[in-house]
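Engineer: Using only what follows, build the 3D model:
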Amino acid sequence: MKSPYILPVLVLSSLLLSGCVSNTVVPTTPAVSPSGQPPTVQDKVNDKDMILNLDNRGLTSVPANTFDDINIQVLDLSHNKLTGSLPGEIRHLSHLTFLDMSYNSMTGIPAEIGQLTELETLNLSHNQFTGLPHELGNLTHLRTLDISGNNYATADLAIIEKQLPSSVTIIK
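Structural biologist: Numbers count the residues shown, from 1 in each chain. As a prediction, the model looks like this:
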């Protein structure tokens, strides 16, 4: 009989957990650190390709620990049941390049979103936004802004468009 303390090493190449309901956030981390040992907190901090996919989980609010790992580059909160405003703690995700909040019932975007200066893609489509924070104009690396399927004030968008680079694609 094998000892219960010695387990075979398995290599997981793919894991699809679509449609699961979870109240915890599990960031993507390397299975083995560069030293060949299990990942440590330092390995997690050094991980430069952090992807947090929480789409289609039936979430009614953004889990509090979502903003704990500042190295997250991709955050997908689409196709949930989110309402209200995105928490201002979003500002802690300073390396974020992709944010998808589409197909929810959100009504507000905090001004702090303008601090995500690395953001390249922002999908806010199909929510219940009636206004857009002018701080969206601070997103100088933005390439795509999707605000379709909302009832936003066109005056807000006009102000934001003047601040954004002309190369930004805005999907209305």
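Engineer: distance of the closest residue to Ser94 other than its chain neighbours from Leu132?
Structural biologist: With CB to CB, 6 or more residues apart in numbering as the criterion, Ser94 has its nearest non-adjacent residue at 6.1 Å, and that residue is Ile70. Every C-beta, even on glycine, is put in place using the N, C-alpha and C of the backbone. Distance check for Ile70 against Leu132: by CB to CB, to the nearest Å, it reads 25 Å.
Engineer: Counting neighbours around each, name which of the two comes out higher.
Structural biologist: Using other CB atoms under 10 Å, the more surrounded residue of Ile70 and Leu132 is Leu132, with 22 against 12.
Engineer: Just give the nearest non-adjacent residue to the more buried one, would you?
Structural biologist: Leu132 sits nearest to Asp156 (CB to CB, 6+ apart), 4.3 Å away.
Engineer: How about Asn53?
Structural biologist: Asp76 (4.7 Å).
Engineer: beta partners of the one you found?
Structural biologist: Residues in a beta bridge with Asp76, per DSSP bridges, are Asn53, Asp100.
Engineer: what sits against it?
Structural biologist: Leu52, Asn53, Leu54, Asp55, Phe98, Asp100 (CB atoms under 8 Å, 6 or more residues apart in numbering).
Engineer: Helices along the chain, start to end?
Structural biologist: 41-46, 154-163 (DSSP state H).
Engineer: Report whether the expected contact of the residue nearest to Ser94 with Arg91 is present.
Structural biologist: No. With contact defined as CB atoms under 8 Å, Ile70 does not count as touching Arg91 (10.0 Å).
Engineer: Can you pick out the most distant pair from the contacts of Asp76?
Structural biologist: Leu54 and Phe98 (13.0 Å; CB to CB).
Engineer: Next up, the contacts around Pro110.
Structural biologist: Shown in contact with Pro110 (CB under 8 Å, 6+ apart): Ser85, Leu86, Pro87, Gly88, Ile90, Arg91, Pro133.
Engineer: tell me, how many neighbours does the residue lying closest to Gly108 once chain neighbours are set aside end up with?
Structural biologist: In space, and not counting its chain neighbours, Gly108 is closest to Ser85: 3.0 Å by CB to CB, 6+ apart. Counted with other CB under 10 Å, residues neighbouring Ser85 total 14.
Engineer: do the same with Leu145
Structural biologist: Look at Leu145: counted by other CB under 10 Å, it has 24 neighbours.
Engineer: Wait, it touches Val168, no?
Structural biologist: Yes. Using CB under 8 Å, Leu145 makes contact with Val168 at a distance of 6.1 Å.
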